[in-house]
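Below are the sequence and a predicted model; questions follow.
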Amino acid sequence: MKSVKPTKPESLFLPAELTPKLTTDFINQLQSAIGLGTTLIRVDCSQVENATSNHIGILWKAFDICRTEKVRFVLEEATAGLKKVLVILDLGELFGIDEIENKFIPAINQKNQLDSRIGVFSELISVTRNGVKTSLDNFLAFLREHNVPESVEMELRTVLYELLTNVIDHSELGENDNVKVMARIEINRIILTLEDTGKPFDPTSPRGPKDLVDLTAAAKDRQFKGFGLMMIRKMVDNILYRRKEDIINYVQIEKSWS
Amino acid sequence: MDQSTFQQFVLSDTVIVIHTERMLDNNNAHIMAEQLSEARKKGLKFAIIDMEKLDFLSSAGVGSILGSIEDFREMGGDIVICNASTTILHIFKVLDLGDYLKVMNTQEEAIKSCK
């Protein structure tokens, strides 16, 4: 297997087989190239004959990073196999794949099957216990519609509940205020974001004692400050907080599953 | 939904069974904590928490159980979980509580384990 090693700072190679390490390396190299000031990222896809959900996931993530950083993103030498999957997922135009061959179109059943694993959720809820309940119910329906595994579904509900509860408890917002909840399911991955205009509250910073590393220790010490945040951190792959424009708390979590 | 108490049954001089509702969260976790505390004050060494109805557990819910567990253990007893669904068990596992909590499949097994 070829390793992920760009020939130039702005050129990345997408391996035929993606291990977790190669995936991490790929994203690290992308971010490093962007950090060096490149305005164009080229991804060599020539070896990806059999595109998997991991390939689509990493391309989507790379595309998303480039879009956020205002860096141009171009796929090069995409194989027929990769093009086929991108077209089926209606991502062809997004990734600059304009060769829609007729043979790809009849795969309607496969398209439906794959589409069920991609979706967007967005709603504005009131900062109340009822608002939380409504959001949890709607979010659960969204997760089920997109066939998220039950165990992951439970973790995501818990994470959303804890994040919304934090807004109620710490934001100093009232029932006339709102929280914006958005989620995007890609293939076997979700990005969940919350935005509120309350008092700054960073859920990524530890609240408990420094030595409170797990829940068993918490129980033994009878020390439960920061317990919900600890749970969130155990259930997601990444959590990010930004104070946007000095008025918005922006929290983003990412979680993948197999 | 607010509630007054969780349904509970004292089985013997040492064992009490408390049944959760569908949710154990910020709205009712303090009630669970109070019932466990009352049981301990009455000298009951074992509290069985029957989770048959439970399908959602928040940090406050977990905290209500963990907050009392060491007190029961210091008395030579324990808190025993039973009838938890696979998703609730998954949450315990994710939180690395699998080895810390005493979990039995059925209430009968939980009662037998209270010795």
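Ah, there it is. Residues are numbered from 1 along each chain as shown, chains lettered A, B, ... in the order given.

Distance of residue A:159 relative to chain B?
Distance of residue A:159 to chain B, given as CB to the nearest CB, to the nearest Å: 10 Å. Quick note: C-beta positions are derived from backbone N, CA and C, even for glycine.

name the helices or strands packed onto the helix or strand harbouring that residue?
Using DSSP states H and E, residue A:159 maps to helix A:150-170. For helix A:150-170, the packing partners by 3 or more CB pairs under 8 Å, 6 or more residues apart in numbering or on different chains; DSSP states H and E come out as helix A:129-145, strand A:178-186, strand A:189-196, helix A:227-235, strand A:248-256, strand B:56-57, helix B:86-94.

Put together TSV for the ones you listed, with mean neighbour count on each row.
Shown next, in TSV, are the helices and strands packed on helix A:150-170 (neighbours: other CB atoms under 10 Å in any protein chain shown):
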stretch	mean neighbour count
helix A:129-145	17
strand A:178-186	19
strand A:189-196	21
helix A:227-235	21
strand A:248-256	19
strand B:56-57	24
helix B:86-94	17
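
Output the ones you listed in TSV; the columns should cover mean pLDDT.
Output for the helices and strands packed on helix A:150-170, formatted as TSV (pLDDT from 0 to 100):
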stretch	mean pLDDT
helix A:129-145	90
strand A:178-186	88
strand A:189-196	92
helix A:227-235	86
strand A:248-256	93
strand B:56-57	93
helix B:86-94	91
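
Quick one: closest of the ones you listed to residue A:18.
Residue A:18 lies closest, by CB to CB, to one member of the helices and strands packed on helix A:150-170: strand A:248-256, at 12.2 Å.

is chain B contacted by the closest one?
No - using CB under 8 Å from any CB of the partner chain, we find that strand A:248-256 stays clear of chain B, coming within 11.4 Å at best.

That strand - contacts with which helices or strands?
Using 3+ CB pairs under 8 Å, 6+ apart: strand A:248-256 touches helix A:150-170, strand A:189-196, strand A:238-244.

Just give the strands next to it in its sheet, each with its orientation.
Here strand A:248-256 has these sheet partners by DSSP bridges: strand A:189-196 (antiparallel), strand A:238-244 (antiparallel).

So which bits of the helix or strand encompassing residue B:112 are buried?
Assigned by DSSP H and E, residue B:112 belongs to helix B:107-113. Neighbour-count burial for helix B:107-113 flags B:107, B:110-111 (criterion: 16 or more other CB atoms under 10 Å in any protein chain shown).

Tell me which of the strands paired with strand A:248-256 approaches residue B:52 most closely.
strand A:189-196 (29.4 Å).

neighbouring contacts of that closest one?
A:57, A:127, A:148, A:156, A:159-160, A:163-164, A:167, A:171, A:173, A:177-184, A:244, A:248-257 (CB atoms under 8 Å, 6 or more residues apart in numbering or on different chains).

same check, this time on stretch A:130-145
With CB under 8 Å, 6+ apart as the criterion, stretch A:130-145 contacts A:116, A:119, A:121, A:123, A:125, A:152-153, A:156-157, A:160-161, A:164-165, A:168, A:175, A:179, A:181, A:183, A:185, B:56.

Just the buried ones from these?
A:121, A:123, A:125, A:152-153, A:156-157, A:160-161, A:164-165, A:168, A:179, A:181, A:183, A:185, B:56.

re the thing from before, relative to helix A:227-235, how tilted is the helix holding residue A:159?
Orientation check (axes from the mean of the first three to the mean of the last three CA atoms, to 10 degrees): helix A:150-170 against helix A:227-235 gives 150 degrees.

could I have helix A:150-170 exported to PDB, CA atoms only?
Below are the C-alpha coordinates for helix A:150-170, written out as PDB (Å, rounded to 0.1, in the frame of the first residue of the first chain):
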ATOM      1  CA  GLU A 150     -28.900   1.900  18.200                       C
ATOM      2  CA  SER A 151     -25.900   2.100  20.400                       C
ATOM      3  CA  VAL A 152     -24.600   5.200  18.600                       C
ATOM      4  CA  GLU A 153     -28.200   6.700  18.600                       C
ATOM      5  CA  MET A 154     -28.200   6.400  22.400                       C
ATOM      6  CA  GLU A 155     -24.900   8.100  22.700                       C
ATOM      7  CA  LEU A 156     -25.900  11.000  20.400                       C
ATOM      8  CA  ARG A 157     -29.200  11.500  22.200                       C
ATOM      9  CA  THR A 158     -27.200  11.700  25.500                       C
ATOM     10  CA  VAL A 159     -24.700  14.100  24.000                       C
ATOM     11  CA  LEU A 160     -27.400  16.400  22.600                       C
ATOM     12  CA  TYR A 161     -29.300  16.300  25.900                       C
ATOM     13  CA  GLU A 162     -26.200  17.200  27.900                       C
ATOM     14  CA  LEU A 163     -25.300  20.100  25.500                       C
ATOM     15  CA  LEU A 164     -28.800  21.500  25.600                       C
ATOM     16  CA  THR A 165     -29.000  21.100  29.400                       C
ATOM     17  CA  ASN A 166     -25.700  23.100  29.600                       C
ATOM     18  CA  VAL A 167     -27.300  25.900  27.600                       C
ATOM     19  CA  ILE A 168     -30.300  25.900  30.000                       C
ATOM     20  CA  ASP A 169     -28.100  25.800  33.100                       C
ATOM     21  CA  HIS A 170     -25.300  28.200  32.000                       C
END
